[in-house]
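Participant: Kindly generate the corresponding structure for this input.
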Amino acid sequence: MKARIFKPTKTAMQSGRAKTQNWVLEFEPTHRQQLDPLMGWPGAGDTMQQVRLTFETRDEAVAHAESRGLEYMVRESKKRVVKPIAYADNFAFRRRIPWSH
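Facilitator: I've put the predicted structure just below:
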């Protein structure tokens, strides 16, 4: 089985960074989803796609994958770049585009 280890990004529905501090181990799908002939809903017989394990550190997730004999791939997250700006910068003289209503 193959697994992915990553730090999740924040969703578009949240403004804070809750649930983005832990590392997640997810299993990659082994079978392609197929449509149910009666209802037309997608489904697969692989229940490992539903398993999502969380760990506090990257090393814990890697150790768990190695202890279970899983192939794994670690995706490092990019560093968040925050540009500090102030409300007064909207009215600054050096502003290239004039502020107006």
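
Participant: helices and strands around the least confident helix or strand in the chain by mean pLDDT, which ones?
Facilitator: Within the chain, no helix or strand scores below strand 42-43, which has a mean of 83 by mean pLDDT, DSSP states H and E. Under the contact definition 3 or more C-beta pairs under 8 Å, 6 or more residues apart in numbering; DSSP states H and E, strand 42-43 sits against strand 34-35. Every residue, glycine included, has its C-beta placed from N, CA and C.

Participant: Just checking: what are the partner strands of the least confident helix or strand of the chain?
Facilitator: strand 34-35 (antiparallel) (DSSP bridges).

Participant: still on that earlier bit, which other residues reach the least confident helix or strand of the chain?
Facilitator: With C-beta atoms under 8 Å, 6 or more residues apart in numbering as the contact definition, strand 42-43 has outside contacts at 33-36.

Participant: If we use 10 Å, what do you get?
Facilitator: 32-36 (C-beta atoms under 10 Å, 6 or more residues apart in numbering).

Participant: For the protein, which segments are assigned as strands?
Facilitator: Ranges of strands in the chain, per DSSP state E, are 2-6, 23-27, 34-35, 42-43, 52-55, 71-75.

Participant: if you compare those, which one is most tucked away?
Facilitator: strand 23-27 (a mean of 20; mean count of other C-beta atoms under 10 Å).

Participant: What pLDDT is listed against the residue lying closest to Leu53 once chain neighbours are set aside?
Facilitator: Leaving aside its chain neighbours, Leu53 sits nearest to Leu25 (4.4 Å; criterion: C-beta to C-beta, 6 or more residues apart in numbering). pLDDT recorded at Leu25 is 96.

Participant: Look up which residues are beta-bridged to Leu25.
Facilitator: Ile5, Leu53.

Participant: Would you confirm that it contacts Ala65?
Facilitator: Yes. Taking contacts as C-beta atoms under 10 Å, Leu25 lies within contact range of Ala65: 6.4 Å.
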